[in-house]
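1. next comes the sequence, and after it the predicted model I'd like to discuss.
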Number of protein chains: 2
Amino acid sequence: MASRAKATILDIAREAGVSKSTVSLVLQGSGLIRPETATRVRKAIEDVGYVYNRGAANLRKAHSNVIGMVINDLTNPFFAELAVGMERVFQAAGVVPFIANTAENPVRQEEVLKSLMEQGVAGLIVSPARGTTPGAFRRIEAAGVPIAFTMRRLPESRIPVIAPDNHRGAVLATEHLIRRGHRRPAFFGGSSDLVVYHQRLGGFLTACETLGIPASDRLIVEGETSRKGGMACLETALATTQPPTAALCFNDAVAFGAMLALRKRGLEAGTDFAVVGFDDVAEAEHYSPALTSVAVDTAGLGERAAHVMLKMIQSRTTRAEDHIGAVSLVVRESSGPDRNSQLGDAA
Amino acid sequence: MASRAKATILDIAREAGVSKSTVSLVLQGSGLIRPETATRVRKAIEDVGYVYNRGAANLRKAHSNVIGMVINDLTNPFFAELAVGMERVFQAAGVVPFIANTAENPVRQEEVLKSLMEQGVAGLIVSPARGTTPGAFRRIEAAGVPIAFTMRRLPESRIPVIAPDNHRGAVLATEHLIRRGHRRPAFFGGSSDLVVYHQRLGGFLTACETLGIPASDRLIVEGETSRKGGMACLETALATTQPPTAALCFNDAVAFGAMLALRKRGLEAGTDFAVVGFDDVAEAEHYSPALTSVAVDTAGLGERAAHVMLKMIQSRTTRAEDHIGAVSLVVRESSGPDRNSQLGDAA
DNA sequence: CTGAAAGCGCTTACAG
DNA sequence: CTGAAAGCGCTTACAG
């Protein structure tokens, strides 16, 4: 039991009095083996303290059951929720995904991807780090390993992506703000090196157009996609000559930052300045004031991404259709009406 | 380049006009190979689109460079921060850790551990799921694979633990509350199946003894270690005939829950009821009111755990000393004085 | 239903 | 400094 030398199927075969082929068949759950034999083999497996060597098996089989999940920022609860959704379906399918964090660093991402490939992954689900070069996945694609992007996409890539309807979400949120009387809306956070940024900002602009907010009355403040970034955006916005009265934020982290900066100035989100987030992380509901946010069905997106990957692997293809998930606006306290406006919510 | 059949070292050897031994040596960065030869080989590696097969290598080498990190709850930002600390040192050491989430489920943990073992990990860092049985790691220990626990420990286990000084942290926090005039302190959240619970509760009780709070004036409310648990604890506490005026919470999540429940009743943490958390997650500082909490140097603990593991692997041992990390109390707004008391903070 | 044999892609002594 | 050969622990046809 406590033997240091690892037991192999040969040890099991000896113990059970069969050939190693038989052991292998039992290990794979083949129906070819007589039940009594299988039972005997299984007992031997226990007795010798056997640990299956997947590396050796993959060497021969040339297909593995490990899937890599490459996440750009694991400390953002949003991605943790996403990962949990994926894990749920992988678990049901009998594969254990390995999660790797790139911390938004393309170099780190390169290493992580390399390591996962060396480990012989059957597929890769990745939310690419900011600043990922278009060619970063060329080698993996060439090797025929299926990849799916989640949440983020790369420009000019043919890799399938599973993401929420960012444009629509931003439209919903912006219309909500405008209908509540905010005629000087702002867009906080994010930057143009992210495709998602263009989608969300695009929705913001579309809604402004539709509801007649002239370009001169819109404020766009780029910034980090974090609390810190949100704080900076708010400061910048309030320092303008004609400050906005409301902001759609790139994501919830930015929104939390903006709310924090408001409070530091003695202002309150919802009454003094309207704030809307994006993603609707679990925390949004519990914040004070509770954050109005665009819900993207995070876990559902994760599950979908996992299913797409499973299907790609099974059908031995590297192509799949994009999936754009439905979004909805969850109105809470942080997006009150403009106090100087006559309008209520005319939705 | 886009060839589907995977290139092997034999293909490289052919391309470069050397033997496969030479290729292998180049791959391992051996100094034995003439620089010109190495360069030629490296070019061939690029040309054939080679992906190193770590499984095959491990088969022969019998030691791998993959380390598994098994986390009980990845959606808790505390564990995400911990994981990031570990990753930092592993990255520097050239090993890519794979993270697996058990979602506080011992069965899931079993699967994850099995899969990691099959993958041939060199070592395992784990924060065990609640309800893990004492024998859960027996097989892994028998196989000679080093394990280190982080944050949590199992009763009667000889596996080294890297954790903060829970007792001391609870003493500090409780003394702080009592010195601020709270003579009826409570302990919120957690339950006795967690060793950590006993440590933190023990610190609470020690401080109560020391500062003369009789047992009849202390309230202990067990509960889930989540926001939800914290909300329930507060409700329970306020429903007693002589409610406490302050609470040390098992962790920050419980504290956030308690603060939330206070607000729902129109009360404010810090002025109406003092709340202290444990862990000092990044969010604590940004909460409103900002949460007083026991800082455990999360990232530092993660780094330490990684170093311990690296050393165990290197010295081929499964034993190491426990590491108990220093803690400190970060006083913020949530732990104001008892409004009915005459005392200020006499620290 | 079970066994003997070949081979997956690497590394490691051992020669030279 | 480089090559030929054995072997790591499995799976997979192929016989029987």
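-> Looks like it came in fine.
2. host element of the closest residue to residue A:175 other than its chain neighbours?
-> Excluding its sequence neighbours, the residue lying closest to residue A:175 (C-beta to C-beta, 6 or more residues apart in numbering or on different chains) is residue A:207, at 4.9 Å. For glycine as for every other residue, the C-beta is placed from the backbone atoms N, C-alpha and C. Per DSSP states H and E: residue A:207 is located in helix A:195-210.
3. same thing with residue A:113?
-> helix A:106-118.
4. ok, that helix near chain B or not?
-> Yes. Using C-beta under 8 Å from any C-beta of the partner chain, we find that helix A:106-118 touches chain B at A:108, A:111, A:112, A:115, A:116, A:117, A:118.
5. what sits up against that helix?
-> A:68, A:70, A:72, A:98, A:100-102, A:124, A:126, A:128-133, A:136-137, A:139-140, A:143, A:145, B:51-54, B:66, B:91, B:96 (C-beta atoms under 8 Å, 6 or more residues apart in numbering or on different chains).
6. try it again with 6 Å
-> With C-beta atoms under 6 Å, 6 or more residues apart in numbering or on different chains as the test, helix A:106-118 has contacts from A:68, A:70, A:100, A:102, A:129, A:131, A:132, B:51, B:52, B:54, B:96.
7. so which bits of it are buried?
-> Residues A:108, A:109, A:112, A:113, A:115, A:116, A:117, A:118 are the ones in helix A:106-118 that count as buried (16 or more other C-beta atoms under 10 Å in any protein chain shown).
8. same question for that helix, mean pLDDT?
-> For helix A:106-118, mean pLDDT rounds to 91.
9. tell me how far it is from the chain's mean position?
-> 18 Å (C-alpha atoms, centre = their mean, to the nearest Å).
10. using CSV, write out every CA atom in whatever helix or strand comes next after that helix.
-> Heading C-terminal from helix A:106-118, the first helix or strand you meet, by DSSP H and E, is strand A:123-126. Taking C-alpha atoms only, strand A:123-126 is exported to CSV below (Å, rounded to 0.1, in the frame of the first residue of the first chain):
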residue,chain,number,x,y,z
GLY,A,123,-9.7,21.4,-26.3
LEU,A,124,-9.3,24.9,-25.0
ILE,A,125,-11.8,27.4,-23.8
VAL,A,126,-10.3,30.8,-23.5
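11. which neighbouring elements make contact with strand A:123-126?
-> Contacts defined by 3 or more C-beta pairs under 6 Å, 6 or more residues apart in numbering or on different chains; DSSP states H and E place strand A:123-126 against strand A:67-71, strand A:147-150, helix A:298-314.
12. for residue A:277, find the nearest of the ones you listed.
-> helix A:298-314 (13.0 Å; C-beta to C-beta).
13. which secondary structure elements does the closest one sit against?
-> By 3+ C-beta pairs under 6 Å, 6+ apart, helix A:298-314 packs against helix A:77-92, strand A:123-126, strand A:147-150.
14. walk me through the domains of chain A.
-> A:9-52, A:67-164+A:298-325, A:166-297+A:329-335 (automatic domain parsing).
15. list the contacts of the closest residue to residue A:126 other than its chain neighbours.
-> Distances taken as C-beta to C-beta, 6+ apart place residue A:70 nearest to residue A:126, at 3.9 Å, with adjacent residues excluded. Shown in contact with residue A:70 (C-beta under 6 Å, 6+ apart): A:100, A:112, A:126.
16. could you tell me the end-to-end distance of stretch A:133-146?
-> Distance between the boundary residues of stretch A:133-146 (C-alpha to C-alpha, to the nearest Å) amounts to 18 Å.
17. is any residue of that stretch near chain B?
-> Yes. Using C-beta under 6 Å from any C-beta of the partner chain, stretch A:133-146 reaches chain B at A:142, A:143, A:144.
18. tell me the mean pLDDT for that stretch?
-> On average, stretch A:133-146 scores 90.
19. equivalent analysis for stretch A:298-316, please.
-> Stretch A:298-316 comes out at a mean pLDDT of 94.
20. cool, and stretch A:32-44?
-> Stretch A:32-44 comes out at a mean pLDDT of 89.
21. with stretch A:89-102 instead?
-> Here the average pLDDT along stretch A:89-102 is 87.
22. same deal with stretch A:246-255?
-> 97.
23. please list the residues of chain A that sit near DNA strand C.
-> A:17-22, A:25, A:32-34, A:37-38, A:56, A:59-60, A:62 (C-beta under 7 Å from any atom of the strand).
24. got a winner among the residues you listed for most neighbours?
-> Of all those, residue A:22 has the most neighbours under the rule other C-beta atoms under 10 Å in any protein chain shown, reaching 22 neighbours.
25. can you tell me the SS state at that one?
-> Residue A:22 carries the three-state label helix when classified by DSSP: H, G, I helix; E, B strand; the rest coil.
26. any idea how far residue B:18 is from it?
-> 41 Å (C-beta to C-beta, to the nearest Å).
27. excluding sequence neighbours, find me the nearest residue to residue A:197.
-> Residue A:197 sits nearest to residue A:190 (C-beta to C-beta, 6+ apart), 4.0 Å away.
28. what's opposite that neighbour in the beta bridge?
-> Counting by DSSP bridges, residue A:190 is bridged to residue A:223.
29. OK, contacts around it?
-> Counting by C-beta under 6 Å, 6+ apart, residue A:190 has contacts A:197, A:225, A:250.
30. before we move on, the earlier item: turn the helices and strands packed on helix A:298-314 into JSON lines, including distance to residue A:211 and mean neighbour count.
-> Compiled in JSON lines, the helices and strands packed on helix A:298-314 are given as follows (distance: least, C-beta to C-beta, whole Å; neighbours: other C-beta atoms under 10 Å in any protein chain shown):
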{"stretch": "helix A:77-92", "distance to residue A:211": "29", "mean neighbour count": "21"}
{"stretch": "strand A:123-126", "distance to residue A:211": "37", "mean neighbour count": "26"}
{"stretch": "strand A:147-150", "distance to residue A:211": "32", "mean neighbour count": "25"}
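31. CSV please, covering the ones you listed and showing distance to DNA strand D.
-> Shown next, in CSV, are those (distance: least, C-beta to the nearest atom of the strand, whole Å):
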stretch, distance to DNA strand D
helix A:77-92, 20
strand A:123-126, 18
strand A:147-150, 24
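32. in a markdown table, list the ones you listed along with distance to residue B:327.
-> Shown next, in a markdown table, are the helices and strands packed on helix A:298-314 (distance: least, C-beta to C-beta, whole Å):
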| stretch | distance to residue B:327 |
| --- | --- |
| helix A:77-92 | 24 |
| strand A:123-126 | 37 |
| strand A:147-150 | 37 |
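33. return the member of the residues of chain A next to DNA strand C nearest to residue A:176.
-> residue A:62 (52.8 Å).
34. how about the helices in the stretch 201-347 of chain A?
-> For the stretch 201-347 of chain A, the helices defined by DSSP state H, counting those that start in this stretch occupy A:227-238, A:252-264, A:282-286, A:298-314.
35. buried stuff in the longest one?
-> In this case it means helix A:298-314. Neighbour-count burial for helix A:298-314 [16+ other C-beta under 10 Å]: A:298-299, A:301-310, A:312-313.
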